[in-house]
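S.K.: For reference, the sequence and a predicted model appear below.
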Amino acid sequence: MKYAKAGALCASLLILLTLSGCGMKQMAPSGEGKSYTVTDATGKEVVIPAKPKRILGNSASIDTMLLSVVTPDKLMAATEADRDPNISYIANETKDIPLTVPLTGLSMEVVTEAKPDLIVASTYTDGKELDLYRNLGIPVVVIDGPRSIDQVKEDVRIIATAVDEKERGNQVISQMDKTLSEIQSRLSKETGKKPVVYLVSQMTRYGGPGSMFNELLTAARIDNAITLAGGVNGQATSPELIIKTDPDMLFVSTDRTSDTTGAAKYRDDFLSNPAIASMRAARHIVPVEDRYIYSASQNCVWAIKGLANAAYGPIFDMSGEGQIKGY
């Protein structure tokens, strides 16, 4: 995998050099208005020459946050996950966007075809990849790969500033805060023992303290078995430790036909382990939508409600669930 990534970067560099030689180095600006500066999550001050009209994000969560403050005609490409109505809040808005961002992330081919005047990427993105885009003259704004609700809010602020739509960003955050207050008010009525949950995920190092999922569980008044086992995000937790914590239930991803990652097979193999099958929690397996488990956008407030409903029963009305927007 490491060599493949290096090879991809080398290929991108070759394309960059070719484009530069053809006099195509400077892609931006294509927007309108005066230039302005935004400070991104890394502390870098990024000059935006004009209000962006051709924007690229490099993940589904970034696209979701972008479309909370700009209209779909400003987004030049969409990820495969964006278009999947089973996991996305923006499937309808992105269905007619012609370019697709591969599962591996932005490619130089997509960038050169899209001719963006702004790229929004996360701190998980390889710095060399971002430098390639900067060397094409494209403003690159980096946001945190969020691990908390506060980081999501800050990401929305940065994105809204980058696209010159600060008020729309404020509206999104205001809606989040209102919903969070409603959630806290309802959950304060639950005075019994917190349910203990273990997430069965093929991302075996995901879900512990330091992850967005753990943050969402905490907000939903649910205890994380990984935390009780002494685990942290980025560290695999052994079945023996999980058994020792004796969780009340197991959260598993809801089956979906669009899944191509083998998540269902991993789940079935995990649950067939005799030691796991003998657990009390194995008799309380709860399917949960992936858009809740892996939520990392402003719509995380819906994820909190969804996770709470999975653990407590239908205590929250989800009939209004949808993309949170500031316009």
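M.R.: Yes, it's here.
S.K.: Okay, buried residues for stretch 107-120 please.
M.R.: 107-108, 110-112, 114, 116-120 (16 or more other C-beta atoms under 10 Å). Quick note: C-beta positions are derived from backbone N, CA and C, even for glycine.
S.K.: quick one: the strands in the stretch 201-327 of the chain?
M.R.: 223-224, 249-253, 285-288 (DSSP state E, counting those that start in this stretch).
S.K.: The last one pairs with which strands?
M.R.: So the one you mean is strand 285-288. strand 249-253 (parallel) (DSSP bridges).
S.K.: re earlier: put together CSV for the strands of the stretch 201-327 of the chain, with mean pLDDT and distance to residue 203 on each row.
M.R.: CSV is the format used below for the strands of the stretch 201-327 of the chain (pLDDT from 0 to 100; distance: least, C-beta to C-beta, whole Å):
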stretch, mean pLDDT, distance to residue 203
strand 223-224, 98, 15
strand 249-253, 97, 10
strand 285-288, 98, 14
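S.K.: Enumerate every residue touching residue 267.
M.R.: Contacts for residue 267 (C-beta atoms under 8 Å, 6 or more residues apart in numbering) come out as 200, 202, 252-253.
S.K.: on that earlier part again, I'd like the strands of the stretch 201-327 of the chain as TSV, with distance to residue 304 and mean neighbour count appended.
M.R.: Below are those laid out as TSV (distance: least, C-beta to C-beta, whole Å; neighbours: other C-beta atoms under 10 Å):
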stretch	distance to residue 304	mean neighbour count
strand 223-224	14	22
strand 249-253	14	23
strand 285-288	12	16
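S.K.: and of those, who's closest to residue 178?
M.R.: strand 285-288 (24.1 Å; C-beta to C-beta).
S.K.: Tell me how far that closest one lies from the chain's centre.
M.R.: 21 Å (C-alpha atoms, centre = their mean, to the nearest Å).
S.K.: Same question for stretch 41-60.
M.R.: Counting by C-alpha atoms, centre = their mean, stretch 41-60 comes out at 17 Å from the chain centroid.
S.K.: what about it, start to end distance?
M.R.: The separation between the terminal residues of stretch 41-60, taken as C-alpha to C-alpha, to the nearest Å, is 18 Å.
S.K.: Show the average pLDDT along that stretch.
M.R.: Averaging pLDDT along stretch 41-60 gives 98.
S.K.: coming back round to it: would you tell me which of the strands of the stretch 201-327 of the chain gets closest to residue 83?
M.R.: Of the strands of the stretch 201-327 of the chain, the one closest to residue 83 (C-beta to C-beta) turns out to be strand 249-253, at 18.4 Å.
S.K.: Now the nearest residue to residue 258 once chain neighbours are set aside: which helix or strand?
M.R.: Distances taken as C-beta to C-beta, 6 or more residues apart in numbering put residue 84 closest to residue 258, at 5.0 Å, once the chain neighbours are dropped. Counting by DSSP states H and E, no helix or strand carries residue 84.
S.K.: Residue 84 reaches residue 91, doesn't it?
M.R.: Yes - using C-beta atoms under 8 Å, residue 84 is in contact with residue 91, at 6.2 Å.
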